[in-house]
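1. 3D, please:
(chains A and B)
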2 protein chains.
Amino acid sequence: MSDPQDSEVFELPNFELEQGATLRPAKLVYKTYGTLNADRSNAIVYPTAYGARHSDNEWLIGPRRALNPEKYFIIVPNMFGNGLSSSPSNTPPPHDRGNFPHITVRDNVRAQHRLVTERFGIERLELVTGWSMGGLQTYQWAVSYPALVKRALPFCGSSTTSPHNIVFLEGLEATLTADAGWNGGFYEQQPRKGLRAFSRVYAGWGFSQAFYWEKLHRQLGFESLEDFLVGFWEKDFGSHDANDLLAMLWTWKHADIGTTPGSDGDVRRALGSIRARTVAVPAEKDLYFPPEDEKWASQFIPNGDVRVIPGVWGHLAGLGINPPDTDFLDGVLRELLASSL
Amino acid sequence: MSDPQDSEVFELPNFELEQGATLRPAKLVYKTYGTLNADRSNAIVYPTAYGARHSDNEWLIGPRRALNPEKYFIIVPNMFGNGLSSSPSNTPPPHDRGNFPHITVRDNVRAQHRLVTERFGIERLELVTGWSMGGLQTYQWAVSYPALVKRALPFCGSSTTSPHNIVFLEGLEATLTADAGWNGGFYEQQPRKGLRAFSRVYAGWGFSQAFYWEKLHRQLGFESLEDFLVGFWEKDFGSHDANDLLAMLWTWKHADIGTTPGSDGDVRRALGSIRARTVAVPAEKDLYFPPEDEKWASQFIPNGDVRVIPGVWGHLAGLGINPPDTDFLDGVLRELLASSL
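-> Numbering: from 1, shown residues only, chains lettered A, B, ... in the order given. Coordinates of the predicted model:
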């Protein structure tokens, strides 16, 4: 990356969570790219996705990209549970491992808001954007802080976790915890069988049917299906702590902008409160964040629009591994950032 | 049912399987509906699906249905591994439990062919039809015995298990076997955690995203998602033996008409050898047997066609639980049976 600075930590000394527990402290690890200008008007927030870390977002940032660090000050906060910010794997007792408390998307966004306003004194964000769970956070930003967010671009995400998406997550959760080695979260070694099964279940959802039909895993350097399952999927999720994966999964499963104070449990009302110019960018064949959900949501956002990434890469169109998808997304980001508001 | 006779057993004394093992004997359990006419020209074969038994096929059979037992002699053979025909759960040593041999779709169809020809002396079948894995068997019937099968109607199935479908199955297999209680197939009690996780993973695939979005599980009598996961999915798969589920899964994963002798590993060539009038009936939003696969296959079948079940019930459109889907399917069956060949 053009900006080699290391990640930094923002501590929230007594961070009370929506579900009741208090982290003392909560640690929000983040990395910034570019320089905040004098009037603090060039900031972008780009939260991380499920199982991702700030470095996983860097493919979309660069001098030739819409997210240009020579122009913008880009803050990438790590989602709680991802192993860098406060997580089961790095939190001391009494909130360690299986005792780690439940954290909502709104908790994440509230902590990020404090980082943005308290540490950097930023009063307006040019853009909030994010992939997948980053998209959930993007929507929550736009609903919780409508005066602060000028533009929002959730990609391959949704405003609220849909019922089918919840079923998908129930399958993953049951799979990982079916391994007796998990032991309620108090394991000495990672539950490898559970993590392996988790990865294999995920593999069917991450890409579309057509992706596999066309054997596009070969473009990623994996000749056989089995090699792809092991070398791509098991390698990815196998690098995570099981409790961390379950903590982020809980966050995901319970994402609901309708429960934001003032929205009375009504997702439509929450969407209606968004002031940001919002362009949702789902992928055509995304199996768990399908474009239909985003089209439904868009009709309730006063300045909302949808642009669908065409093609067969499904949810992982937003992972930065297929250049045409990346170019499409970058183009929509560029257009949105160029729009005067 | 109009015909209350019990199921019967067809024994194959030394049944050599494609993978090399010999079952002594293999038992093929079947049930028939209606009466074989004098010239044996009114027979239909309707094999079972994954995790199904002959009784699970009965919703599509009846005097007001295309599969009318007052007109046709309908044979429903139970697939090997389903707990009635030879299965890990009912086969004595040396082929019991974790030692049960691998059985292909072709093995199933070969045994069914012997039942049809040896026990009943049938030389022509009016129709072979089946749902899901029953569809895999239907295609194999049409390829293995082109002169015998006049009409074929696979619904929510495919000619060969697609790569994405294989990934889906890899996830299920890894999930069930991640439970240490499975113990390589030599358990004293069913691996309940593995079966629970298996059911929950399956739940995401069985119906479409839109089915859950519209909360159509309420039509099936389940108010909440959790109630549906437990009362529908866990109840269904929880009634099966884990090894039986894994045996049928192996059969499914390896289904490939291209490996039929004479086809040289070429699915297109196998499809081209079909002589039956073949109407594939996929469901619009089926997530693991998507209509695209059937449209692809159809173009290589000399007398092939595709009719898509519209709507949001996905793969389970073929389970007989949504009357409009059932009526659509019944209509296509009626039309096909009425066609003169």
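2. for the longest strand anywhere in chain A, packing partners?
-> When chain A is parsed with DSSP state E, its longest strand is strand A:26-33. Here strand A:26-33 touches strand A:8-12, strand A:73-77, helix A:105-114, going by 3 or more C-beta pairs under 8 Å, 6 or more residues apart in numbering or on different chains; DSSP states H and E. All C-beta spots, glycine's among them, are computed from the backbone N, C-alpha and C.
3. got those as a markdown table, with mean neighbour count, distance to chain B and mean pLDDT columns?
-> Putting these into a markdown table (neighbours: other C-beta atoms under 10 Å in any protein chain shown; distance: least, C-beta to the nearest C-beta, whole Å; pLDDT from 0 to 100) gives the following:
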| stretch | mean neighbour count | distance to chain B | mean pLDDT |
| --- | --- | --- | --- |
| strand A:8-12 | 15 | 33 | 98 |
| strand A:73-77 | 26 | 29 | 98 |
| helix A:105-114 | 23 | 19 | 98 |
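4. export those to TSV and tack on distance to residue B:204?
-> Converted to TSV, these look like this (distance: least, C-beta to C-beta, whole Å):
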stretch	distance to residue B:204
strand A:8-12	35
strand A:73-77	30
helix A:105-114	21
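5. Next, the buried residues of stretch A:6-23.
-> Residues of stretch A:6-23 classed as buried: A:7, A:10, A:12, A:15, A:17, A:21, A:23 (neighbour count, 16 or more other C-beta atoms under 10 Å in any protein chain shown).
6. and if you look at stretch A:116-123?
-> For stretch A:116-123, the neighbour count (16+ other C-beta under 10 Å) marks A:116, A:122 as buried.
7. pLDDT averaged over that stretch, what's the number?
-> Taken as a whole, stretch A:116-123 has a mean pLDDT of 98.
8. Dump the C-alpha coordinates for it into CSV.
-> C-alpha atoms of stretch A:116-123 as CSV (Å, rounded to 0.1, in the frame of the first residue of the first chain):
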residue,chain,number,x,y,z
VAL,A,116,-14.4,9.5,14.0
THR,A,117,-15.7,12.3,16.1
GLU,A,118,-13.5,12.2,19.2
ARG,A,119,-10.2,11.2,17.8
PHE,A,120,-10.4,13.0,14.5
GLY,A,121,-13.0,15.7,15.1
ILE,A,122,-14.8,14.8,11.9
GLU,A,123,-18.3,16.2,11.5
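9. wait, what's in contact with the closest residue to residue A:20 other than its chain neighbours?
-> Distances taken as C-beta to C-beta, 6 or more residues apart in numbering or on different chains put residue A:101 closest to residue A:20, at 7.7 Å, once the chain neighbours are dropped. The contact partners of residue A:101, by C-beta atoms under 8 Å, 6 or more residues apart in numbering or on different chains, come to A:17, A:19, A:20, A:21, A:23, A:95.
10. coming back round to it: what is the rounded mean pLDDT of the longest strand of chain A?
-> In this model, strand A:26-33 has an average pLDDT of 98.
11. Paired strands for it, with orientation please.
-> Note on strand A:26-33: by DSSP bridges, its sheet partners are strand A:8-12 (antiparallel), strand A:73-77 (antiparallel).
12. what sits up against the last one?
-> By C-beta under 8 Å, 6+ apart, the surrounding residues in contact with strand A:73-77 are A:28-37, A:42-48, A:54, A:57, A:61, A:67, A:85, A:108, A:111-112, A:115-116, A:120.
13. which of those count as buried?
-> Taking 16+ other C-beta under 10 Å as the criterion, what is buried in those is A:28-34, A:36, A:42-48, A:54, A:57, A:61, A:67, A:85, A:108, A:111-112, A:115-116.
14. Can you point out the buried residues in the helix or strand bottoming out on mean pLDDT in chain A?
-> Least confident helix or strand, chain A: helix A:235-238 with a mean of 92, by mean pLDDT, DSSP states H and E. Residues residue A:237 are the ones in helix A:235-238 that count as buried (16+ other C-beta under 10 Å).
15. right, quick check: stretch A:225-234 against chain B, any contact?
-> Yes. Remark: stretch A:225-234 sits within contact range of chain B at A:225, A:229, by C-beta under 8 Å from any C-beta of the partner chain.
16. gap between that stretch and the chain center?
-> Distance, stretch centre to chain centre, for stretch A:225-234: 23 Å (C-alpha atoms, centre = their mean, to the nearest Å).
17. Where do the domain boundaries of chain A fall?
-> Domain assignment of chain A by automatic domain parsing yields the ranges A:8-161+A:255-338, A:165-249.
18. out of the buried residues of stretch A:6-23, what pair is the most spread apart?
-> With distances taken as C-beta to C-beta, the most widely separated pair in these is A:7 and A:21, at 24.8 Å.
19. quick one: low-confidence ranges for the stretch 101-250 of chain A?
-> Within the stretch 101-250 of chain A, no stretch has pLDDT under 70.
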